[in-house]
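K.L.:
task: produce atomic coordinates for the following.
(one chain, ligands or ions: 2)
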Amino acid sequence: MATSQKALRTIDDPFHALLEADTHASNITSAMHVDNPIEPGPALIDKNRYISREYHELEKKHLWSRVWQQAAHEDDFPNVGDVVPYDIVDQSYLVVRIGEDEYKAYHNACLHRGRKLRESRAKGLDELRCAFHGWAWELDGSLKQVPCAYDYTDLDREAESLPEVNIGRWGRYIFINPDPNCEPLEEYLGDLSGEFEVFPYERRYKRAHVSKVIRANWKVVQEAFMESYHVLLTHPQGLSGGANDMCTKYDVFGNYSRAIRTGALDGAGVPEWEELPDTGNAVLRHPLNGMVYEDAGNETVRVTTPKGLSGLFTAKGKYIEGELKDANQHLCILVGGRKVAGVSLTQGAMARVPENEAARMMEKLGNNASPRALAAESMRQGLAEVIPSVADTIPDVELTSSIYLTVFPNFHPWGSFNEINYRFRPNGDNHEECIMEVMMMAPMPDDGNFEPTREIRYLDIDDDFVEAEAELGGLGPVFNQDTLNMPFVHQGMKASARTHTRLAEYNETKLRHFHGLYDKWVDLK
Ligand code: FES
Ligand SMILES: [Fe+2]
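P.N.:
Ligands and ions are numbered 1, 2, ... in the order given. Here you go, the predicted model:
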């Protein structure tokens, strides 16, 4: 990785000013005060990392067989004897709850002739029995029964326990590592827990789990969720209210990286537009160019420029009729793909606070309260209904930012009160497809009244995220915006005349951090 002498342009200074102005500044965690920007310098990434079979084979040999990886969550195992297979490339492991607070992980293969022991999840087993000829193991992995045992005269039963792989736990997640000589998970994760001190993962439960196959390498897909840079074009709706490209702080720490998207720090960059009339239809204005996108029914979208030119487009952004012949595909997807009326797609400081509520909060916070402080107070009041024990102590920055971390190689826990967690991996042994999983991790309510899910909603390769509306709410169309790009990124890399892709110095910090670690783990040339 080339480096230069010039200093990296960061947003550390305005971010610290924002922390100082926080209405709950004394409660800000020490992790939030730490700056650790990546070393300056551009990064050119060999495109073969994404598209060649050779790198996939290197990943199998050097990465997936050696690295800590998030394999399951405690909520997947309500009972002793619950079993969850974890498949990665051509390998398969079985995570088993063997006691009240005890788990083990085994290679998912029978020691007789090798059949997978379980190909899907199972509940409340009291043994692990192979479906082919019936060899059986106790939950703790010791050999229980061999049908027609007389036929194996020299079988050493002790030696026929199921081979284990290392297991580690963090924040109610269960990690595995197939490398017998790996470092402990605690060392691998470093200070990760410090990032979640305000509301640790031990106090979250799995509200929903969605899994979808996407036609692109797993790193292409994952990297689309590791920066805020793409919001400008892919989710322009997220720019309303003054956010701009330089409103995310990026830092790197050992095996993980962190982004804190604060919303606008200076309010600059986006023009003020008139409020849109309420027509009862889903409608959005492109915050930069003012074009209005309105659901026109039958999966069509009417697009009108500020000067009154208009055109009709499909919900996929294809021109149908009218003077206006070109429109933003990502906004057509968002507006035509579902009903968005009344749904705010922006978060935190950008969120609108209803007028009567604003007046009430002004009274509490004083007339000079900033829009960020008001938005935070509104969030705090919402959370007080669920977690009154902590709601009043939470700093503004945790309530008005999107905080998204990446633990190498593929686990993405979001911080604060955003429920999103992602995991990305190759679709089996196919390096040109990815399994993308979204786990929604909600705060456990103080009253103990919650029901975690152990089910996964599977979406196939041509399914739409909107089909998982019950699980994802308003996020489905946003993910559709993201996933529209991904197959074209994978295909475009193949078509490119260049041998590499290029990463931004700061806004793509997390990608550069990932590839720095990838250099060490995989690309051993
Ligand atoms: S392969 Fe499992 S019992 Fe024969
Ligand atoms: Fe996105």
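
K.L.:
burial count for W64?
P.N.:
If you count neighbours by other CB atoms under 10 Å, W64 ends up with 21. C-beta coordinates here come from the backbone N, C-alpha and C atoms, glycine included.

K.L.:
what's around E227, how many residues?
P.N.:
When neighbours are counted by other CB under 10 Å, E227 registers 21.

K.L.:
are we agreed that it is in a strand?
P.N.:
No - using DSSP: H, G, I helix; E, B strand; the rest coil, the assignment for E227 is coil, not a strand.

K.L.:
I'd guessed it sits against L503; true?
P.N.:
No - counting by CB atoms under 8 Å, E227 does not reach L503; the two are 9.1 Å apart.

K.L.:
between these two, which contacts overlap?
P.N.:
Residues touching both E227 and L503 by CB atoms under 8 Å, 6 or more residues apart in numbering: L511.

K.L.:
where does the chain have low pLDDT?
P.N.:
Applying pLDDT under 70 to the chain flags residues 1-6, 239-246, 263-271, 338-359, 361-362, 525.

K.L.:
spell out which parts of it neighbour ligand 1.
P.N.:
By CB under 6 Å from any ligand atom, the residues of the chain that approach ligand 1 are C110, H112, R113, G114, R115, C130, F132, H133, G134, W135.

K.L.:
tabulate the residues you listed (TSV), appending neighbour count.
P.N.:
What follows is these, written out as TSV (neighbours: other CB atoms under 10 Å):
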residue	neighbour count
C110	21
H112	15
R113	10
G114	10
R115	15
C130	20
F132	13
H133	13
G134	13
W135	21
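
K.L.:
nearest to Y250 among those?
P.N.:
G114 (45.5 Å; CB to CB).

K.L.:
quick check: the closest one is in a strand.
P.N.:
No - counting by three-state DSSP, G114 is not part of a strand but coil.

K.L.:
R53: neighbouring residues, count only.
P.N.:
R53 is flanked by 12 other residues according to other CB under 10 Å.

K.L.:
and the nearest residue to it once chain neighbours are set aside, its phi and psi?
P.N.:
The spatial neighbour of R53 that comes closest, neighbours along the chain excluded (CB to CB, 6 or more residues apart in numbering), is H431 at 6.2 Å. The phi/psi pair for H431 (degrees, to the nearest 10) reads phi -80, psi -10.

K.L.:
in this structure H431 contacts R49, no?
P.N.:
No - with contact defined as CB under 8 Å, H431 does not reach R49; the gap is 10.2 Å.

K.L.:
which neighbours do the two share?
P.N.:
Counting by CB under 8 Å, 6+ apart, the shared contacts of H431 and R49 are Y55.

K.L.:
which residue is nearest the centroid of this protein?
P.N.:
For the chain, the residue nearest the mean C-alpha position is Y422 (3.0 Å; CA atoms, centre = their mean).

K.L.:
and the residues of the chain next to ligand 1, which is closest to G336?
P.N.:
Among the residues of the chain next to ligand 1, and counting by CB to CB, the member closest to G336 is R115, at 47.4 Å.

K.L.:
what are the boundaries of the strands in the stretch 151-300 of the chain?
P.N.:
Shown for the stretch 151-300 of the chain, the strands assigned by DSSP state E, counting those that start in this stretch span residues 164-170, 173-177, 204-214, 248-253, 256-261, 283-285, 292-295, 300-304.

K.L.:
now those as JSON lines including mean neighbour count?
P.N.:
Shown next, in JSON lines, are those (neighbours: other CB under 10 Å):
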{"stretch": "strand 164-170", "mean neighbour count": "19"}
{"stretch": "strand 173-177", "mean neighbour count": "23"}
{"stretch": "strand 204-214", "mean neighbour count": "20"}
{"stretch": "strand 248-253", "mean neighbour count": "23"}
{"stretch": "strand 256-261", "mean neighbour count": "23"}
{"stretch": "strand 283-285", "mean neighbour count": "20"}
{"stretch": "strand 292-295", "mean neighbour count": "23"}
{"stretch": "strand 300-304", "mean neighbour count": "23"}
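
K.L.:
Throw those into CSV and include distance to S26, thanks.
P.N.:
Shown next, in CSV, are the strands of the stretch 151-300 of the chain (distance: least, CB to CB, whole Å):
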stretch, distance to S26
strand 164-170, 28
strand 173-177, 30
strand 204-214, 24
strand 248-253, 20
strand 256-261, 19
strand 283-285, 39
strand 292-295, 44
strand 300-304, 48
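
K.L.:
burial measure for W68, as a count.
P.N.:
26.

K.L.:
residues in contact with it?
P.N.:
Residues in contact with W68, defined by CB under 8 Å, 6+ apart, are G168, F175, I176, N177, C182, L185, Y188, L189.

K.L.:
leaving out sequence neighbours, find the closest residue to the second one.
P.N.:
If you skip the residues right next to it in sequence, F175 has G168 as its closest partner in space, 4.5 Å away by CB to CB, 6+ apart.

K.L.:
the one you found touches P184, doesn't it?
P.N.:
Yes - contact criterion CB under 8 Å: G168 and P184 qualify, at 6.8 Å.

K.L.:
tell me the contacts of whichever residue of the stretch 201-350 of the chain sits closest to ligand 1?
P.N.:
Relative to ligand 1, the nearest point of the stretch 201-350 of the chain is S211 (27.7 Å; CB to the nearest ligand atom). For S211, the contact set (CB under 8 Å, 6+ apart) comprises I435, M436, E437, V438, I456, R457, Y458, L459.

K.L.:
how does it look with 7 Å?
P.N.:
S211 sits next to I435, E437, I456, Y458, L459 when contact means CB atoms under 7 Å, 6 or more residues apart in numbering.

K.L.:
cool, A216 as well?
P.N.:
Residues counted as contacts of A216 (CB under 7 Å, 6+ apart) are C434, M486, P487, V489, H490.

K.L.:
mind checking which of these are in strands?
P.N.:
Using DSSP state E, the members of these that fall in strands are C434.

K.L.:
which of the contacts of A216 sit farthest apart?
P.N.:
C434 and V489 (11.3 Å).

K.L.:
picking that back up, out of the strands of the stretch 151-300 of the chain, which is closest to P236?
P.N.:
Ranking these by proximity to P236 (CB to CB) places strand 283-285 first, at 8.7 Å.

K.L.:
other SSEs contacting the helix or strand containing N421?
P.N.:
Per DSSP states H and E, N421 falls inside strand 420-427. For strand 420-427, the elements it packs on are helix 218-223, strand 411-413, strand 430-443, judged by 3 or more CB pairs under 7 Å, 6 or more residues apart in numbering; DSSP states H and E.
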